[in-house]
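Colleague: fold the following.
(one chain, ligands or ions: 1)
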Amino acid sequence: MRIAVVGSGYVGLVTGTCFADMGHEVLLVDNNDQKLAELGSGDVPIHERFLPELLARHRGKKIKFSNDLQAAVRACDAIFIAVGTPATDRGDADLSYVESVAREIAGAVDSYKIVVEKSTVPVYTSQWIRTVIIRNGANPASFDLASNPEFLREGTAVTDFLYPDRIVVGVESDRCAQVLREIYAPLTSGDYYSRADAIPRPDRAQIPPRLIITSTRSAELIKHASNAFLAMKISFINAVASICESVGANVQQVCDGIGSDSRIGPRFLNPGIGYGGSCFPKDLMAFRAVAKECGYDFRLLDEVMRINEDQRHRFLKKVRSVLWTLRGKRLGVLGLAFKGGTDDIRESPAILLVQELLREGCHICAHDPAAMDRAKEVLPASVEYTSGPYEAATGADALLILTEWEEFAGLELDRLRNLLKYPIVIDGRNLYDPAVMSAHGFSYYSVGRPETLTEDSTAAVRPDKRHIF
Ligand code: UGA
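Modeller: Model (predicted):
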């Protein structure tokens, strides 16, 4: 299949590269010439596992870069729209990039094409794209619109694409469904997985994946509803973690108990400092806005967002209650990215917390395996960046863990304790076992689990906050 992917951002680049690895001929289209030149010369603009290898494998062969959208439309059977849909001030999605791509596509439809929305968009967008393409002169019989939402997580996007839980395809005609079936056939037939050079299979992957064919509207809703549900799961467990803190229960044990109910499942039940990133916060607001427009007041989503924000404030309160005053305190910070495995800091709870701690007069000494360059663009110059986690801890009044990087979960604890000024770790991601931390002489505070205190801990003088229910 010849496939044009419009937009070389996160979704477009991963989608185009994975289609190339599945054997398709891909034209990746963008109007940013500098970006295209960088991609063409071997740069990989995002931190994503397996992407550099796959781009090196297919660049200039199965994947080519172009700034000519109309030529790409004429040359391809399928055009995937993967441009940005940022949030407006009102919280809904700004679809102007999608619209301008649709206008341009209209002038180039010269034989049967399928136009597929890949960007995360509100329900009814595919209908609007179709209207815009027809209004701008295309013959309605010469193309079909489809919705094929992505469920890629940053950091594991390549494996998520090639080993998906499911492939959702929203269509309005059998002809269009057939084209999409062919595009995904290397995965759904299992052929891709028998190749010696296939990207390695992750744990839990069900192969071959299931292809779910729906209407376009249902597919659009599946995307928003999936992200909203996952965010709700996180906020739910964060709320439960707060109750655990009040009563002295252990949220890990609670998670184990509820997550082993197969109807609930254990994933996305990790409490912490809240969700961030470029998807959940934006998509929840957009879903809230679209629901309102459709006449449904989805207040549950307000609560999910409120709990998420609250989670950060609760963590800050914890830092304050452990350290008493904050002005002038030196804090080691592990993690700036919105989650582990990525250099993305958009809506990162870690960045928001660091900004708050700086406002309170703390000195921050931070380390992140990938996101420090990005962080430097948004944080004040007073933040010190270190080459590793131990350097961030050196001489610090306390160590804060703000991102769930694997690298932070296996630190040498005795070395860490000796480097810190006081053996205090405040873990916003529950990376350590409290009993182990206690055995290594730390005062250890995490989310939703009992604290462990050393004898000389300043926290020992704190009033007991526990409530009796
Ligand atoms: C999310 C979805 O997981 C993808 O399925 C979806 O395709 C993507 O958004 C998107 O719409 O494009 P992503 O934003 O990359 O993917 O990150 P997640 O792995 O979902 O994590 C989101 C946030 O939730 C992170 O800040 C993470 O630390 C937090 N999180 C996640 C928790 O606090 N607890 C958990 O149990 C899981």
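
Colleague: contact residues of the stretch 251-400 of the chain facing the ligand?
Modeller: Neighbours of the ligand within the stretch 251-400 of the chain, by Cβ under 6 Å from any ligand atom: 268-270, 272, 275-277, 279-280, 283, 338-339. Heads up, the C-betas are built off the backbone N, CA and C, glycines and all.

Colleague: now flag whichever of these is closest to L420.
Modeller: Relative to L420, the closest of these is G272; by Cβ to Cβ it sits at 21.8 Å.

Colleague: for the stretch 51-200 of the chain, what spans make up the strands?
Modeller: 63-66, 78-81, 113-117, 143-147, 166-170 (DSSP state E, counting those that start in this stretch).

Colleague: so which of those strands is nearest the ligand?
Modeller: Set against the ligand and scored by Cβ to the nearest ligand atom, the strands of the stretch 51-200 of the chain come closest in strand 166-170, at 11.2 Å.

Colleague: name the residues that touch the closest one?
Modeller: For strand 166-170, the external contacting residues (Cβ atoms under 8 Å, 6 or more residues apart in numbering) are 126, 146-149, 151, 177, 180-181, 184, 187-188, 209-220, 222-223.

Colleague: of these, list those near the ligand.
Modeller: Residues of the contacts of strand 166-170 in contact with the ligand (Cβ under 6 Å from any ligand atom): F151.

Colleague: host element of the residue lying closest to E356 once chain neighbours are set aside?
Modeller: Distance criterion Cβ to Cβ, 6 or more residues apart in numbering; nearest residue to E356, sequence neighbours excluded, is L316 at 5.8 Å. In the assignment (DSSP states H and E), L316 maps to helix 299-323.

Colleague: determine the set of other helices and strands touching that helix.
Modeller: On a contact count with 3 or more Cβ pairs under 8 Å, 6 or more residues apart in numbering; DSSP states H and E, helix 299-323 meets helix 216-247, helix 280-293, helix 349-359, strand 398-401, strand 424-427, strand 443-445.

Colleague: do that again at 6 Å, thanks
Modeller: In this structure, helix 299-323 makes packing contacts with helix 216-247, helix 280-293, judged by 3 or more Cβ pairs under 6 Å, 6 or more residues apart in numbering; DSSP states H and E.

Colleague: which element is encountered next along the chain beyond the longest one?
Modeller: I take that to be helix 216-247. Per DSSP H and E, the first helix or strand lying C-terminal to helix 216-247 is helix 251-259.

Colleague: tilt between that following helix and helix 216-247?
Modeller: If you take axes from the mean of the first three to the mean of the last three Cα atoms, to 10 degrees, helix 251-259 sits at 140 degrees to helix 216-247.

Colleague: what mean pLDDT does helix 251-259 have?
Modeller: What helix 251-259 shows for mean pLDDT is 97.

Colleague: what's the spacing between it and its chain's center?
Modeller: Centroid separation between helix 251-259 and its chain, computed with Cα atoms, centre = their mean, to the nearest Å, is 24 Å.

Colleague: and the contacts of it?
Modeller: For helix 251-259, the surrounding residues in contact (Cβ atoms under 6 Å, 6 or more residues apart in numbering) are 241, 244, 264, 266, 269, 271, 448-449.

Colleague: what sits against the nearest residue to S142 once chain neighbours are set aside?
Modeller: Excluding the flanking residues, the one nearest S142 by Cβ to Cβ, 6+ apart is V109, at 5.1 Å. Counting by Cβ under 6 Å, 6+ apart, V109 touches 138, 142-143.

Colleague: out of those residues, flag the one nearest to D297.
Modeller: The closest of the contacts of V109 to D297 turns out to be F143 (Cβ to Cβ; 36.2 Å).

Colleague: do you know how far the closest one is from C176?
Modeller: F143 sits 9 Å away from C176 when distances are taken as Cβ to Cβ, to the nearest Å.

Colleague: T216 now?
Modeller: Distance from T216 to C176, by Cβ to Cβ: 9 Å.

Colleague: the more surrounded of those two?
Modeller: A side-by-side neighbour count of T216 and C176, using other Cβ atoms under 10 Å, places T216 first with 26 against 23.

Colleague: what is A366 paired to in the beta sheet?
Modeller: A366 has the following beta-bridge partners by DSSP bridges: V333, Y385.

Colleague: is it true that it touches L334?
Modeller: No - using Cβ atoms under 6 Å as the test, A366 is too far from L334 to be in contact (7.7 Å).

Colleague: so for those two, which residue has more residues nearby?
Modeller: Legend: neighbour count by other Cβ under 10 Å for A366 and L334, higher for L334 (29 against 25).

Colleague: that one and W405 touch, don't they?
Modeller: No - look at L334 against W405 with Cβ under 6 Å: they stay out of range, at 7.4 Å.

Colleague: could you list the low-pLDDT ranges of the stretch 351-469 of the chain?
Modeller: The model of the stretch 351-469 of the chain has pLDDT under 70 over residues 455-469.

Colleague: repeat the analysis, applying 80 as the threshold.
Modeller: 454-469 (pLDDT under 80).

Colleague: ditto for the stretch 151-300 of the chain
Modeller: Within the stretch 151-300 of the chain, no stretch has pLDDT under 80.

Colleague: again, only using 90
Modeller: Scanning the stretch 151-300 of the chain with the threshold set as pLDDT under 90 gives 155, 204.

Colleague: spell out which parts of the stretch 51-200 of the chain neighbour the ligand.
Modeller: 120, 150-154.

Colleague: may I see the PyMOL selection of the buried members of the residues you listed?
Modeller: The buried subset of these, as determined by 16 or more other Cβ atoms under 10 Å, is captured in PyMOL by this line:
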select buried, resi 120+150+151+152+154
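
Colleague: kindly reformat the residues of the stretch 51-200 of the chain next to the ligand as CSV containing distance to L69.
Modeller: Output for these, formatted as CSV (distance: Cβ to Cβ, whole Å):
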residue, distance to L69
T120, 21
E150, 20
F151, 26
L152, 23
R153, 28
E154, 26
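
Colleague: can you count the residues close to the nearest residue to T454 once chain neighbours are set aside?
Modeller: Closest residue to T454 apart from its sequence neighbours, by Cβ to Cβ, 6+ apart: S443 at 4.9 Å. Counted with other Cβ under 10 Å, the neighbours of S443 add up to 23.
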